[in-house]
Each structure stands twice: as C-alpha cells, then as structure tokens.
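Undergrad: Sequence below, structure please.
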Amino acid sequence: MTSDAADQPVLVVEDLRTHFLVPAGAVKAVDGVSLSLQRGKTLGVVGESGSGKTVLARTIMGLNIAGNAVTTGSVKYGGKELVGRSSKEMKQLWGTEMAMVFQDPMTSLNPVVKIGRQLVEHVRVHLGASKAEARSIGTELLHSVKIPDADERFDVYPHEMSGGMRQRVCIAMALACSPDVLFADEPTTALDVTVQHQILNLLGSQQRNHNMAMMLVTHDIGVVAGRTDEIAVMYAGKIVEKAPTSALFNEMRHPYTEALLNSIPQTTKPKHTRLSAITGRPPDLINPPSGCSFAPRCPYARPKCHEEEPQLQAAGSSGHEFACHTPVGSPAAKEAFEANISEGLPQALVIAGHGIASEDDPTVWAS
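TA: Okay, the predicted model is just below:
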C-alpha cells in the first residue's frame, strides 16, 4: 500500500440523514452528519441518549432496515457507495469489512446457543473454515480478549458468564474476520468501573493490533478523553463540535460540550458538592425548535440563537469545528451570559466551568 493510499480515509460520510416516519411526522434521528475515519485512528462520538449516536453507527453499517426508515446522503467505504445497497449486499461487508460491538451483550448474544457456536458462525461462512479449524480460531480469539480457560468457555451458554466476559465475547466476535472498521456502541453499558476500564483497554489494544479504524460511541465524554484521536459531539442528530481530542479539551467552543464535561463528577471537589446537570431536556426531533437546538438549554443563548441555526465553522487550523453563535470563552458568550443572569433565565443559573463561579453568588463570571 502506498503512503498516499494509507493516508486516505477508509470511510467517508457526507450529509447523512436518517428519518423515521411515524404518524406524528418524521423523527430526524440523524440530520446532516459528515465525518471520516482513517485506518488505525479512533473517533469518539459523544452525546446524551437520543442525540443520534447509535442511529448514526447503525446507518453507516446499513442496519436500519425498518420499513419506516428513510436514509439519504453518502457513505463511502473504500471509495464505494453504501447508501442504497440491499441487506443482501451489505451482508458481504458485515464481519469482514465492518463490525459492531453492541452495548448490551446479554441481548446481542443468543441465550440458548453456546458461546463457541455464535463466535465461529461467521468465521465458517466468510472464511470457509471447517468445524475443527473454526474451533481452533474461536479458542484463539477468546484467548486474545483475555478470557481464561478459553477452551472450556467455548462450550458454555451466555448466562454462565459475567457481563464483562460476555462483552469480551462480543468483541471477539466482532474481530473474528479482521474488519477494517469497528463500531463500539456504548461497549461499557451496565459494567462496573473496573470492568469498564478493562474493556476499553482491550478495545484499544485490539484496534492497534489490527490497525482498524474505530468509532467509539458513548454518552460519557470522560471515556473518550484519552482513548480517541478525534471527537465528534452530537446533539439532536447533528454534529455540533468536532476536533482532535487534545484541541477539544484544551479549547472547547460549544456550550453543550462544556456542559457534558461539567456534568462529570469531580474527585477534586469537596465532598457533597452538588453535581452539575444540564437543565431542560433534549428537543423534540419531530418538531425541533427554530434556530439552535441547544438554545433552550444554553446559558449563553441570545435572540439570534433562537432564530438562526448556526453552521459548523472552523476554529483555527487544527481541524477544530463548532456550530455556535456565542462560543464558550468568547466576549459574546460572556455578554450573553450576564444578560441571561440579569433576566433570570433558568439555564443561566446552573453552574458552568466558564459560567457561574459560585452557587451562592450567581452573578460572578468565572475566569
């Protein structure tokens, strides 16, 4: 492979939209997303539940097969268009070219089929391995994801394993045919903190070993802090901020990104410190508000934010983009915040890292 080919994105998504048609209207779950994935790199996709993260990943893989799903835009894998392909055509890519680790291993694994059979099923289909060869491959895969006594575990049912072990099995299944692109959809859901750390480390090491492109989908912005090369923050089906990981954390510009970071419990704060929450609730995706979708919850929102939808704009030359009229840290944001405080708007009365310095004195601007 030439250096020029190696530098080319393995996956390019342009203006991707997935709307679900329901009696009340069209649910705009993904509404104009553009991004790219390069081999060996990890993209973190972050946002609250309902922001469109999972639908985005499933749309790229062609898994939104419901009769009421309408997908437009472009998804190119290796230069070939995937949008519009049938499920039969996409099956040729699943497992060998693209794979997904789903967020709930108990429901993604068949409870009445032994682990080994589920693990090697697509190995036999795609690679044409014999039963004995498939078992050898499956046992090696279980070893590779740090499952002890792999040969014995090959013959157990999902309910005989812990949640962390089941998730390791799902990772092994996804890696069985060495895909080029791996989607990890909330891979640590319902796992305790220690196991979460182990699973994320395992994903990272496997991604490096196989030189895959990986999309790590999570609601926890802290998870992607040291495990991704780039982060895309989603809200209401759109990307509102995208940047290299270090750039995003050093100079975040969108108020929603700031709010996500501030909602993480801080061990450095005194005991019993009140947790910071994002006021309000996510917008109705059938009838979203005019202007910026985050404006009703934003401490820096001004009239323009409710009237005109902001577009992604570049912030310097680092590849940092954001969609906001009053970006965090700007004079416009400070002026808007102080105006909202004087007007008594509730979203401005929530402690923010660049907003209110003290709950007792909500008029102080934190430097």
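
Undergrad: elements contacting the longest helix along the chain?
TA: For the chain, the helix with the greatest residue count under DSSP state H is helix 193-210. Judged by 3 or more C-beta pairs under 8 Å, 6 or more residues apart in numbering; DSSP states H and E, helix 193-210 is in contact with helix 163-175, strand 181-185, strand 213-218. (Glycine included, C-beta is placed from N, CA and C.)

Undergrad: Between strand 181-185 and it, find me the angle.
TA: Interaxial angle, helix 193-210 versus strand 181-185 (axes from the mean of the first three to the mean of the last three C-alpha atoms, to 10 degrees): 170 degrees.

Undergrad: which residues are contacting helix 193-210?
TA: 40, 42, 101, 144-146, 163-164, 167-168, 171, 175, 178-179, 182, 184, 187-188, 191, 212, 214, 216, 223, 227 (C-beta atoms under 8 Å, 6 or more residues apart in numbering).

Undergrad: Now list the buried members of those residues.
TA: 42, 101, 144-146, 163-164, 167-168, 171, 175, 179, 182, 184, 187-188, 191, 212, 214, 216, 223, 227 (16 or more other C-beta atoms under 10 Å).

Undergrad: any idea which element residue 13 lies in?
TA: strand 11-22 (DSSP states H and E).

Undergrad: An error on my part: the question was meant for residue 304.
TA: Using DSSP H and E, the element containing residue 304 is helix 303-307.

Undergrad: Show me what counts as buried in that helix.
TA: residue 305.

Undergrad: Would you mind putting the CA coordinates of it into PDB?
TA: Extracted in PDB, the C-alpha atoms of helix 303-307 (Å, rounded to 0.1, in the frame of the first residue of the first chain):
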ATOM      1  CA  PRO A 303     -32.200  36.000  20.500                       C
ATOM      2  CA  LYS A 304     -30.200  35.200  17.400                       C
ATOM      3  CA  CYS A 305     -29.600  31.700  18.700                       C
ATOM      4  CA  HIS A 306     -33.400  31.100  18.700                       C
ATOM      5  CA  GLU A 307     -33.800  32.500  15.300                       C
END
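
Undergrad: That one - what's its average pLDDT?
TA: Averaged over helix 303-307, pLDDT sits at 94.

Undergrad: And stretch 184-195, by the same measure?
TA: So the average pLDDT for stretch 184-195 ends up being 83.
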